[in-house]
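In: Okay, sequence plus prediction incoming.
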Amino acid sequence: MRPDLTGRRFGRLVAIAPAERPARVTGPTANRRRFWSLQCDCGATRVACHRDLLSGHTRSCGCLRREVAAASGRRQAELVTWDGEMLTLAQWSARTGMAARQLRERLRAGWSVEQVLTTPVRRWVRRAS
């Protein structure tokens, strides 16, 4: 039985009704995916896969990313979500006291978000001999 998502909220999106599969979606599982028409709080509409909604991968029409990018003064901000908060690396840097570059390098090295934000930076001290 397919779950009815009508009226449910996913971040800034509200599910309106089931939608047809977009033509750009292809592949072996394309016909098994269920899509929904969504209304964003900003007024835009979009179509998204139910799995992306239920997993939390889709939370807005794209307006959230644009707002955060504009607030940080960057064209495309790197957003990181942890413990229910979504902030840019610069904002996480200010909150944790670690350099944004250090956080970015840890993410690119494959660390989990929790490890990136909670593992303290090693301070190397040169010992006098």
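Out: Happy to help now that I have it. Numbers count the residues shown, from 1 in each chain.

In: Give the residue spans of the chain that score low on pLDDT.
Out: In the predicted model of the chain, residues 1, 73-77, 129 satisfy pLDDT under 70.

In: what's around Thr58, how many residues?
Out: 21 (other CB atoms under 10 Å). For glycine as for every other residue, the C-beta is placed from the backbone atoms N, C-alpha and C.

In: Look up which helix or strand the residue nearest to it when sequence neighbours are not counted falls in, please.
Out: Excluding the flanking residues, the one nearest Thr58 by CB to CB, 6 or more residues apart in numbering is Asp52, at 4.2 Å. Per DSSP states H and E: Asp52 is located in helix 50-55.

In: circling back to that earlier point, gap between the residue nearest to Thr58 and Val25?
Out: 11 Å (CB to CB, to the nearest Å).

In: right, and Leu87 touches Val80 too?
Out: Yes: the pair Leu87 and Val80 qualifies as a contact (CB atoms under 8 Å) at a distance of 6.4 Å.

In: All the strands of this protein, in order from the start?
Out: 9-10, 13-19, 35-40, 45-49, 79-82, 85-88 (DSSP state E).

In: Out of the ones you listed, which is closest to Thr29?
Out: strand 45-49 (10.0 Å; CB to CB).

In: buried residues in stretch 79-99?
Out: Leu79, Val80, Leu87, Thr88, Leu89, Ala90, Gln91, Trp92, Ser93, Thr96, Met98 (16 or more other CB atoms under 10 Å).

In: those helices in this protein, which residues are they?
Out: Under the criterion DSSP state H, helices of the chain are mapped to 50-55, 63-72, 89-96, 100-108, 113-118.

In: Single out the most deeply packed of those helices.
Out: helix 89-96 (a mean of 17; mean count of other CB atoms under 10 Å).

In: who does it touch, helix- and strand-wise?
Out: With contacts taken as 3 or more CB pairs under 8 Å, 6 or more residues apart in numbering; DSSP states H and E, helix 89-96 sits against strand 79-82, helix 100-108.

In: mind listing what Ser55 touches?
Out: By CB atoms under 8 Å, 6 or more residues apart in numbering, the contact list for Ser55 is empty.

In: Let's see that with 10 Å instead.
Out: Counting by CB atoms under 10 Å, 6 or more residues apart in numbering, Ser55 touches Phe10, Cys49.

In: I'm done for today, thanks for sticking with me.
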